[in-house]
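A.B. asks: Can you look at this prediction? I've put the sequence above it.
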Amino acid sequence: MRVFVTGVTGQLGHDVVIEAVVRDHEVIGSGGRKGEDMNVFVTGVGGQLGHDVVNELCGRSYNAVGSDIAAQYSGVQDGSAVVNVPYVQLDITDMDAVAKTIEEIHPEVIIHCAAWTAVDAAEDEQNHEKVDAINHLGTQYIAKAAKAVDAKMVYISTDYVFDGQGERPWEPDDKCYAPLNVYGRSKLDGELEVSSILDKYFIVRIAWVFGKNGKNFIETMINAGKTHETVRVVNDQIGTPTYTLDLARLLVDMIETTKYGYYHATNEGGYISWYDFCCEFYKQYGLKTKVIPVTTVEYGLSKAARPFNSRLDKHKLVTAGFKPLPTWQDAVGRYLKETNI
């Protein structure tokens, strides 16, 4: 039997072809533009997610172009593809520079990873304008430039757009926005710009991010555990971690489709507290440091209000046909093997 399969560059089409071949059918496949024919522009490649997104794109033979505020790639020199891909210095708060750069590159897809992520520093009054310029206006400029070249856009956002109360997991299409801090407000404003300017967009909310290319909770706490007999970690903020290596795979899966909209994407494995998270990676790392659970109030220190409820409902991923991320426990193990903490 001869079988014609459309969309073979996507997850389902790929698996259908394999199954048809196994059953000795003659298969003819078709799909959209991919790999060597498609240009993808990635902002924020000096950070954890941008680094992994570029490497995932290169692994699938896309033409990736990276950018960030630095004059040249400033991330970890790990010998991976991102170190040597074409790189463009870009200040995303410069509207004219954004328009000119994206017009010249003319990408089919823009994956916008650049952001102000220093949540506590965002609360300082002298930083308010800069935070808004990066997370809100910079995103607006990227979205307008994407529209001008008819590019798909992926925007990375956060559970901080909600008020962090209750225990119900936030759903991707919830509109009960109520950010608790300056950072959350700026990311919400970015979301609203993308959704109002574009039709071809993926807004992907994540939480508790960790990756190889930058500082994160795991690295910070392991370094603290090496020099302290005890550490204090909050146990009343609940969510799930996101490993950028796993997220990058999902984002590239997404751009191979037209299943636009809002999504939530963190690792599977169940909802946990920061205390639970720390206990697990200490165990996997082999640290004997005692972890003391404390409430957010007992911990103190933070300038910015933190959400107690960072639970993100991810069922929409499965409904849309995307493969969920592996468990966070598995992700921690792979991360620890990849790094030299």
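C.D. replies: Nice, thanks for sending it over.

A.B. asks: can you give me the helices in the stretch 51-200 of the chain?
C.D. replies: Listed in chain order, the helices of the stretch 51-200 of the chain (DSSP state H, counting those that start in this stretch) span 95-105, 128-132, 138-148, 182-197.

A.B. asks: closest one to N267 among those?
C.D. replies: Among the helices of the stretch 51-200 of the chain, the nearest to N267 by Cβ to Cβ is helix 182-197 (20.2 Å). For the C-beta atoms, the positions are set from N, CA and C on the backbone; glycine is no exception.

A.B. asks: quick revisit: tabulate the helices of the stretch 51-200 of the chain in JSON lines, adding columns for mean pLDDT, mean neighbour count and distance to K226.
C.D. replies: Below are the helices of the stretch 51-200 of the chain laid out as JSON lines (pLDDT from 0 to 100; neighbours: other Cβ atoms under 10 Å; distance: least, Cβ to Cβ, whole Å):
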{"stretch": "helix 95-105", "mean pLDDT": "98", "mean neighbour count": "16", "distance to K226": "42"}
{"stretch": "helix 128-132", "mean pLDDT": "98", "mean neighbour count": "16", "distance to K226": "33"}
{"stretch": "helix 138-148", "mean pLDDT": "98", "mean neighbour count": "22", "distance to K226": "37"}
{"stretch": "helix 182-197", "mean pLDDT": "98", "mean neighbour count": "21", "distance to K226": "29"}
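
A.B. asks: any chance of the ones you listed in JSON lines, plus distance to I341?
C.D. replies: Output for those, formatted as JSON lines (distance: least, Cβ to Cβ, whole Å):
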{"stretch": "helix 95-105", "distance to I341": "35"}
{"stretch": "helix 128-132", "distance to I341": "29"}
{"stretch": "helix 138-148", "distance to I341": "31"}
{"stretch": "helix 182-197", "distance to I341": "26"}
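
A.B. asks: closest one to S157 among the ones you listed?
C.D. replies: Evaluated over the helices of the stretch 51-200 of the chain, closeness to S157 peaks at helix 182-197, with 5.1 Å, by Cβ to Cβ.

A.B. asks: Quick one: list the elements packing against the closest one.
C.D. replies: Judged by 3 or more Cβ pairs under 8 Å, 6 or more residues apart in numbering; DSSP states H and E, helix 182-197 is in contact with helix 128-132, helix 138-148, strand 152-158, strand 201-206.

A.B. asks: rerun at 6 Å
C.D. replies: Judged by 3 or more Cβ pairs under 6 Å, 6 or more residues apart in numbering; DSSP states H and E, helix 182-197 is in contact with helix 128-132, helix 138-148, strand 152-158.

A.B. asks: do you know which of those lies nearest K316?
C.D. replies: strand 152-158 (14.3 Å).

A.B. asks: What are the contacting residues of the closest one?
C.D. replies: Strand 152-158 is contacted from outside by 109-113, 146, 187, 191, 194, 198, 200-205, 251, 255, using Cβ atoms under 6 Å, 6 or more residues apart in numbering.

A.B. asks: The same query, at a cut-off of 7 Å, please.
C.D. replies: Strand 152-158 is contacted from outside by 49, 108-113, 115, 139, 142-143, 146, 184, 187, 190-191, 194, 198, 200-207, 251, 254-255, using Cβ atoms under 7 Å, 6 or more residues apart in numbering.
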